[in-house]
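Colleague: From the sequence below, what's the structure:
(chains A, B, C and D, ligands or ions: 4)
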Amino acid sequence: MTAYRRFALGLTVVAVPLVLALLGPLFVGDPGPRGVSFTLGGGHWLGTDFVGRDVWHQVLLGGRTVVLTALAATALAYLVAVPVALVSALTRVRRLEELLMRPLDVLLAVPSLLLILLVASVFSPGAAGLALLVALVNVPDAARIVRAAAGEAAARPAVEALRMQGETWWRIAVGYVGRSALRTLAADAGIRLTGVLYLVSTAAFLGVGVAPDAADWAVMVDRNRTGLLVQPWAVVVPALLIVALTMGTNLLFDAALEKKAVPGAKASREKEGRRR
Amino acid sequence: AGGTDDRTQSTSGTPKRGGRLRAAFAGGGASETLDPHLANLFADVARAKALYDKLADYGADLSAQPRLAEKWEPNKTLDRWQVTLRQATFHDGKPVTAKDVLYSYRRITDPEQAFRAKASLEPVDLDASRATGERSVEFVLKRPTAEFPNILAAFGAYIVPENATGTDFDKKPVGSGPFRFVSFAPGRSAVFRRNDDYWDGAPHLDEIEFVVANEESARVNALLGGQVEYAHELNPTTARAHEAGGQIEIVRLRNSAMQAFCMKTDRAPFDDKRVREAFFLIADRKELVDGALSGAGEIGNDLFGKGYEYYAADLPQREQDLDKARALLKKAGAEKLKVTLDTSAVAAGFTEAAGIFRDQAAKAGVTIDVKMGSKDSYWSDILDGGTLCCYRSGAMPIEAHLSQRLLTDSTTNATKWQHKDFDALYQQAQSTRDKTERAAVYERMQRRLYTEGGFLIWGFADWIIGTARTVKGVETKAPANTLDWARFDKVWLA
Amino acid sequence: MASGRSFVVRRLLLGAAQTMAVVLLVFALTEALPGDAAVALAGDQPDPARIAAIREAMDLDRPAYERLADWAAGLLHGDFGTSLASGRPVTQYIADGFGPTLLLAALTLALLVPLGFGLGVLAARHEGGLVDRMVSSVTLAVYAVPEFALGVLLVTVLALKLAWLPPTAVGYGTDLLGHPAALVLPVLVLLSRPVCSLSRLVRAGMVDALASPYAAHARRYGVPGARVRYAHALPNALAPAAQQLARTVDWLLCGVIVVEALFVIPGLGTVLLNAVAERDVPVVQGLAVVFGVLTVLLNLGADLVAHRLTPRAGVAA
Amino acid sequence: MSRATQAAVAEIRGLRVEIDGRALVDGVHLRVPPGKVTALVGASGSGKTTTGLALLGEYPAGAQVTGEVRPPGDGPVGYVPQHPAAVLNPARRVRALLDDIARPQVRHLPRAERRKAARALVLRALEDAQLPDAEALLRRYPHQLSGGQQQRVVLAQALLLGARVIVADEPTTGQDALTKSRIVEQLAAVAARGIAVVLLSHDLDVVHALADEVLVMREGRVVESGPVARLWTAPRHEWTRRLLDEQRAAPKDGTAAESGRPLLEVRELTAVHDRTVVLRAPHLALHSGECVAVVGRSGSGKTTLARCLAGLHGDHDGEILLDGRVLPRSLRRRDRAQLAAVQYVFQDARAAFDEHRPVLHQVARTAVRLRGTDERAATAEALATLNRLGLPERLAHRRPGELSGGELQRAALARALLARPRVLICDEVTSGLDTVTRRGILDVLAGLVGEEDDLSLVLITHDLDTARPAHRIAVLDAGEIVEQGSAQRILTAPQHPFTIALMRTTGRLETGTRL
Ligand SMILES: Nc1ncnc2c1ncn2[C@@H]1O[C@H](COP(=O)(O)OP(=O)(O)OP(=O)(O)O)[C@@H](O)[C@H]1O
Ligand SMILES: Nc1ncnc2c1ncn2[C@@H]1O[C@H](COP(=O)(O)OP(=O)(O)OP(=O)(O)O)[C@@H](O)[C@H]1O
Ligand SMILES: [Mg+2]
Ligand SMILES: [Mg+2]
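Modeller: Numbering: from 1, shown residues only, chains lettered A, B, ... in the order given. Ligands and ions are numbered 1, 2, ... in the order given. Next comes the predicted model:
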C-alpha cells in the first residue's frame, strides 16, 4: 500500500528505459537504407543519426549494452572497492591501511585519459575489458568514499562486541559496518552508474570496448552531439533515456532505504499516532 | 538559395578599408610557434601566410601561381631554373633578395632540422644553386623537374629574412607578408597589423587577430555571438543549420579534402588486383558522402584531384556493383573475406566512413572489422601496418600526390604502390616540356590507378568556413591549402 | 593533537613517495603509448626519415630511463625541463594554464559548497517528501545530461538567443577576471555534476544523522533547526562528502577538458590534452608532478576531515 | 494536601501505546505538578521509559497511541535518557554540546557579555551535575568519558536548559553512592525551585530520598500510586511489596576466597588514555570459581580495567595472564578459546548491539562462533539462557531498539554467557534492573559460579549491595587500587578512607534521609 506508493515514482521513471533496453532488441525491425546524416523525415520518425541511420532503430538497439556494461562495471568497481575500504576501516594496523589505500591514491592522480588511451592502443579490449577498465578507474574513488562512510561505524562498540563474539570478518565488515554505510554506498553507486555510462562512451570513441558507431545510448549522445541543433532527437532521446535510468534507479534506492519513521522527530510521530 | 546570391556579393562590391577581423581556427595549444617553416596546422599556415610569402602558391586548380617570384624559366633539360624575384620588402624595410631566398631554402633543408618542406625541396641541389643577381636565383636540380614551380609553392616553403633564427620568430617575426607582427600568445591568439607597403597592395583590414578554439562548436558559438567574424573548419551539420538562417555566411570550399580507403597492394588480400577492383565496386559513394560527410562533398572516382589541373575527368564514374564485386572475389578465391579496417578519430568522417563501408561490404559477403587506432600516431601506424585503412588528403597538385605517395621511393607510400614502369612514367612526365604531352602521360598514370590502384577514393569533402555577414571578399573557389584560402589581405569588413 | 601532527607528517612523507609513483607511472604510460613526439609532430606526413631526424633533434633516440633520470635530476633543482614540441620551459606551460583553471575552480567551489550541502541537507530534511523527490530528481537529471549537451544548451539559450552572456571566452586569453560575464556559463556547466554527487552524498549521510538520537536530543532542547542540521548532524554526515569534495576539486584543477574546450578557456586540462596528443613527455611529466602533489594534498585534507569527525576511530579495539 | 488543586504542568490520561496490537503501556494516568518529584518505579520492561517519552510527546516508531497526553506547554523539557551515550554527538566536544544549550539562555544579554555568561552557566551546570575538573572535560569527546561521566554530562545539559519539567530516566545508574547522593541533592534543589521532576528509576533508595509521589508500574499498567511515605510504609499492591522487600533483604555475603594458582592474573598494569595514566593495577588475581567485585567511583577506571582484561584496550603496559600464560593484548590476536575464556559484558548495552539484527540471533552467534555449536542448537541455547534471565521468547525475536534498557542489559549478559566463559567480566550489568530482577540475575550468576566450577566473575559496580555476594572486593579510586580483600572484611571493616566514605554514603542513602 504505502510501500507501493513509495516506489511508484522511481518505478515509473525507470520503467521506460528499462523496458526499451531489455525488450527493444526483440522488436527492432530491418534497419532500412541509410539516409543523409542528421536529417528529419524520410520515414525516420526520430530522424537519422551521424551516419545516416534511423535513430529510433538505434534507440531500440542501444539500451542493452548500456545497462549491462554500466551495471557490470559499477558492480565490479564496488566488488573491489568495498572490501578494500572495509579492511582499511577495520584494521588497527596503520601500515595495512596505508598499503591498501595509498596506491589507490596514486591511481587517482594519474589522468584517466592517459589510462584509457593506453589501454585503447595497447590491448584492444572488448566489452568485458572495457567493463574492467572502467571499474578500475572507479575503484579508488569508490574505495575512499566507502572508507569515509565506514570509518565511524567501524569504531562503534557494537563492532567491539562482535569481535568479542569471535564473529567472522565478513559478518563484521559487510553485515554490520557495510550495512551502516549502506545509504552512502547506494547514493554513491547511483551516481557512479551514470558516470560509468559516459565513460563507456568516451572509451568507445578512443577505441575501447564497443565500436565507435555502436548502437548504445551513451555513444549516441556523444557521437550525435554535432547535430544537436539540426537534428536534436538523436541526442535528446537517448539522453532522456539515460536521465530516466539514472533518476529512476536513484529514486528506487531512496525509496528502498527510506526510514520508516524517524525516531525523535516529533512531528511525524504525532501524525502517525493520530492516524491510528 | 539566398546563400548563392550573398556569396557572389561577398566577393564583389567596393572594398572598405579599416577594422579588425577576428578569425577562429583550431590550433596546436601552448606549443604553437610563428616559425613559418614549422607550420603544420591550418592555423599555422594562416598565420604564416599573413606574415610571410612563398615564391609561388597554388591557384584554385592547384597550378602554381607566381608570388614573390615574378617569373621562372627552365633550361632545355628542365634541370636548371632561373627565378626572378619581384620587388618586395620585409617588414623591417629591407628588400627581399636572392640571398634571403637561398637562406630560407637552406634553413628548410638543414639536415640537423626536420622541417616539413624539406621533402618537397629534395629535388633542388642547393649547394649548386646560387644568386645570379640581387633579385634572381638560379636553381640547380638533381633531375629534370617539369613541375618545379610546384616546389616553390610547397607547403611551408616560406621566405624569411637572411639569418632569421628560431628565437626571432616568436618574439619579433619579420616577413614580407601583408600583415606585420603585433603580438602572439601561443595557443590563444596572434594579432597582426596591416602592412601598408605590401607588394600586392595593402590589405583592407587594419588588424587581424587569429584566435584559437579547438572545439568546432566553440568556433560556431563565438561566430554567432559576435566574438569572431571568421570561423574556420565547420561541420557540415553546422553549415546546414545556419545556411538558411542568414545569421552568418557559410562558405564551402569545394574539393578540399580527398576521402579514401587505402589498400596495401603488396599484401594479401589486396595484392590481387581483382580484390582491389571488387572493393572499388563495393563502395556506394553516395551513401558514404551522405553518411560520413553529411552530404557536404562530392563523390570520388578513385582518382585524386577532382577539378585540379591534369585530372583525368573522362574516366567513367564508378558505381556500386555488388554482383560483380562478389564474382570478382570469387574468382580471386576470396569469398568470405575478412579484413580489418583501421580508422581513428584523427579526421572528420573517418569513423563514420569506416562504419558505413563495413555495412556495405557485408552485403558483398566481406566481413570488415573496424579497428579504432590512436589518433596521435595514426598516420605513421598506417603507413606500413595493416591492410586497409581510412585515408584523407588535403589539396595538392596531382603531381605532388603521385610523387609523394605512389613512387617506389615515395616517403609516404601508404598503398605500397611500387611499380618500376609507373616510376618511369613519372620521370617521363617530369622531363616533358610540353604541357599537353605531359598531361597525356599523367592521364596514362591515372588510368592505371583507376583500374588497379590502391586508393579507393570515394569522395571529396567541402571545406566549410563561416563568416559574419559583414565580412566580404572571402574567396569561395579556393580549396584548403591554396593561395586564396585563409587569405585575409583581400577581405574587408562592410 | 600530537597524534594528528604525526599523522600529517607521515602522510606527507608518503605523499612524496606517492607523487614519485605518479610521475613514474605517468612516464611509463606516456612512453607506452604508441608513437612519440616525433611521430605526433610528423602528423599526416609520416616520412620515416623525417621522423628519425626529429627524434634525433629531440634527443628521443636516447633510452627512456636516461631521459627520465635527466629530467628527475633537473627537477631536484626546481627545473621542470623544456617542452619537446616548442622548446619553451614547462613551468611556463603550467603557469599559463594554472591561472584560468584556478579561477574557474575557485568560483565553482565557492558556489558548489553552499549549494551542494544546502540541497543535500534540504533533501534529507524532507526525506521521502515532495521536496526531497524534487531536489533529487532535478539534480540527478542535470547530472545525467552530458556536460557537452548542457553547455550547448546553455550557450544557445543564454548567450545566443537571449544574448545575456558571451558564448565563449575566446580571445580573452588568461585575462578572464576582466570578463566576468564569460565565466558564468562555464561555472554553471562545471557545477552541474558535482552539485548532484555532493548533495546526494550529503543527503545520504544526513538522513541517518538527522534521525539519530543526538539530533533528536538537540531538537528537544530547542537548539534552532538550522543549527541542529549544520552543527550537529552535518559533521557526522560529512566524511564521505569531504572525500567527494576533494575529488571534485581534483577534477576542477586537472580535468575540466570539455568545459575548457567548449568555452575556449586555456586551462590545465587543455594543456594536458595537447601535451598527451603531442607526446610532449616533459610537459606531461610536469603536469603529473602538479597533479600528484595536488591529489596528495587534497586526499590528506579529506582524510583529516574524516579523522577529525570520527574521533573514536583512533581508540576502538 | 493541596496537591490536587495545584495545576499540573503536564498530564497523561488513559495512555495506551500499542505496537503490533501489543500494549507497551496501558491506561496510565500521570500528573506532573510543579515543584514536585514524581517517581515511576517498576520492573524492567514495565513501561517507565515509554511513559516518560510520552510526556515529551515521543513514541516508539510505528506505535499507535490512544488516550490523552498533555505535554508541558511552552519551552523544552529537560530529559535525561536511559542511555546517555546515544544522545551525545560523537563528533562534537562536550563544550560544544553544552554551549549550544547555554546560548539561548544568554540571548537577552548584550552581545559582548554573552560568551562569558554562557561559560559561567556551563561551568555551573557541570558543577551541579557533579563533574569536577570542568576544563579538561569540556575539551573531550563523548567517547572519552566514562559511562557515569556521560550520564552526568547529559544531566548537566538538562540542568542547563532551565526547563520547567525534567524527565530523568534512570539518572543515577552509572553513579557511585557518593556522586549519587549529591545528584539526589541537586534534583531536590531543582524541585525546590518549582521545577517539576519526573523520575523514572528502580533505584528505590533514590526514589525514597527524592520522590513526593510514586507510581508503581508493572507490565505497562500502574498498579499502585501514592505519596512516597505511604507507599514505603504501607504498600497496598503485592508487587510493590515485593520490590520493597527485595531491597530490604540483605543479600547473602560471599564466602572467603580460595587460594591456589589464580585463573586470571594482572601484573603491573598501567592503562593510558591519550597519554594520561588512568589506571594502575600492580596486582590483581582472580581464582577459579571466585567472584571479585571491582568497586569504585564513577570515572575511577573500572571500565578501563575491564577493557584491558577483555583485550579491548590495547594502550596499556604490564601483563595479563590466563592460567599463567600471557593473554594477547588485543582481542584480535586472541584465539577462539581465549576469546571464549574471557568475556566482557559492555556497560552500555544499547551501543554494544547491532541495531539491525534480532537480539536472539546476536546472542546465539556467540555459541556458533566460539564454541562451534550449530545454528539450531545455539538458538535453542540462547533462548534458554535468555529465559533464565527473564526474557521471554517474544522479546528475543525483536531488534535491540525494541527492548527496554533492562531487557537489553540482560540480553547482553546472555550473549556473553553463551560463550561458556571461564572469566566473565560484568560491567554494571545490574544497573538498569529493578530490585527483583537484579536479585534474580545475581542469583543466576552466583549459581553459575557455584555450580560450574570454572566460571569466575569480575563484577564491576559502584553499588556495594551488588558487590556484597562477591568473594573478594577491590576498591578503585582515581585509577589506583586502594584496597583489596575479602568481601566481608571490606564491607565490615573498611580501612582506606575512601572505602569508608563510600560505605557511609551508601548507608545514609538507604535510610532515606533527605539531606
Ligand atoms: N519500539 C518498541 N517496539 C516494541 N516493543 C517495545 C519498543 N520499545 C519498548 N518496547 C517494549 O515495551 C516494554 C516497555 O518498555 P520500556 O522501555 O518503557 O520499559 P522500562 O520500564 O523503561 O524498562 P527498563 O527499566 O528495563 O528500562 C518493554 O517490554 C519493551 O520490550
Ligand atoms: N578515550 C579516553 N580518552 C581520555 N580519557 C578517557 C578516555 N576514556 C576514558 N577516559 C577517562 O578515564 C577515566 C576512567 O574511565 P572508565 O571508563 O574506566 O571509568 P569507570 O570507572 O568505568 O567509570 P563509570 O563508573 O562512570 O563507568 C575517566 O576519568 C575517563 O574520563
Ligand atoms: Mg527504561
Ligand atoms: Mg565504566
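Colleague: From what I see, residue B:232 and residue B:26 are in contact.
Modeller: Yes: in this structure, residue B:232 sits in contact with residue B:26. The criterion is Cβ atoms under 8 Å, and the distance is 7.3 Å. To be clear about C-beta, it is placed using only N, CA and C from the backbone, and glycine gets the same treatment.
Colleague: can you list residues touching both of the two?
Modeller: B:42, B:43, B:219 (Cβ atoms under 8 Å, 6 or more residues apart in numbering or on different chains).
Colleague: how close does the closest residue to residue A:36 other than its chain neighbours sit to residue A:33?
Modeller: The shortest distance from residue A:36 to any residue that is not its chain neighbour, by Cβ to Cβ, 6 or more residues apart in numbering or on different chains, is 4.2 Å, and that residue is residue B:290. To residue A:33, residue B:290 is 10 Å away according to Cβ to Cβ, to the nearest Å.
Colleague: Of the two, which one has the most company?
Modeller: The residue with more neighbours, out of residue B:290 and residue A:33, is residue B:290; 24 against 12, by other Cβ atoms under 10 Å in any protein chain shown.
Colleague: what residues are up against that one?
Modeller: Contacts for residue B:290 (Cβ under 8 Å, 6+ apart) come out as A:34, A:35, A:36, A:37, A:52.
Colleague: any idea which of the residues you listed has the most stuff around it?
Modeller: In terms of neighbour count, residue A:37 stands highest of the contacts of residue B:290 at 31 neighbours, by other Cβ under 10 Å.
Colleague: sec struct for that one, please.
Modeller: coil (DSSP: H, G, I helix; E, B strand; the rest coil).
Colleague: Might you report the residue contacts of it?
Modeller: Contacts of residue A:37 by Cβ under 8 Å, 6+ apart are A:48-52, A:227, B:237, B:290-292, B:294-295, B:352.
Colleague: and with 10 Å instead?
Modeller: Residue A:37 makes contact with A:47-53, A:224, A:226-227, A:230-231, A:234, B:236-237, B:240, B:290-296, B:349, B:352, B:356, according to Cβ atoms under 10 Å, 6 or more residues apart in numbering or on different chains.
Colleague: Pick out the residue of chain B closest to ligand 1.
Modeller: Ranked by Cβ to the nearest ligand atom, the top residue of chain B for proximity to ligand 1 is residue B:217, at 59.1 Å.
Colleague: and the residue in the stretch 51-200 of chain A that ligand 1 sits nearest to, how many residues sit next to it?
Modeller: Of the residues in the stretch 51-200 of chain A, the one nearest ligand 1 is residue A:158, at a distance of 18.2 Å by Cβ to the nearest ligand atom. Other residues within reach of residue A:158, judged by other Cβ under 10 Å, total 24.
Colleague: element containing it, please.
Modeller: With secondary structure defined by DSSP states H and E, residue A:158 is part of helix A:157-164.
Colleague: Then residue D:347?
Modeller: If you go by DSSP H and E, residue D:347 is not part of any helix or strand.
Colleague: Where do the helices of the chain begin and end?
Modeller: Just so you know, I chose chain A. For chain A, the helices defined by DSSP state H occupy A:2-27, A:55-61, A:63-90, A:94-109, A:112-122, A:127-154, A:157-164, A:169-170, A:179-180, A:182-206, A:217-223, A:233-257, A:266-275.
Colleague: let's do chain C instead
Modeller: Along chain C, the stretches classed as helices by DSSP H are C:2-32, C:37-42, C:48-57, C:64-76, C:90-125, C:130-144, C:147-154, C:181-210, C:213-220, C:225-227, C:234-254, C:257-263, C:268-277, C:281-309.
Colleague: Could you list the contact residues of the stretch 101-250 of chain D toward ligand 2?
Modeller: Counting by Cβ under 6 Å from any ligand atom, the residues of the stretch 101-250 of chain D lying close to ligand 2 are D:143, D:144, D:145, D:146, D:147, D:148, D:149, D:174.
Colleague: Of these - the most surrounded one?
Modeller: Of all these, residue D:148 has the most neighbours under the rule other Cβ under 10 Å, reaching 28 neighbours.
Colleague: Tell me the spacing between whichever residue of the stretch 151-276 of chain A sits closest to ligand 2 and chain D.
Modeller: With Cβ to the nearest ligand atom as the measure, the residue in the stretch 151-276 of chain A that lies nearest ligand 2 is residue A:155; the distance is 11.2 Å. Relative to chain D, residue A:155 is positioned 8 Å away (criterion: Cβ to the nearest Cβ, to the nearest Å).
Colleague: Number of residues surrounding that residue?
Modeller: Neighbouring residues of residue A:155 were enumerated by other Cβ under 10 Å; the total is 23.
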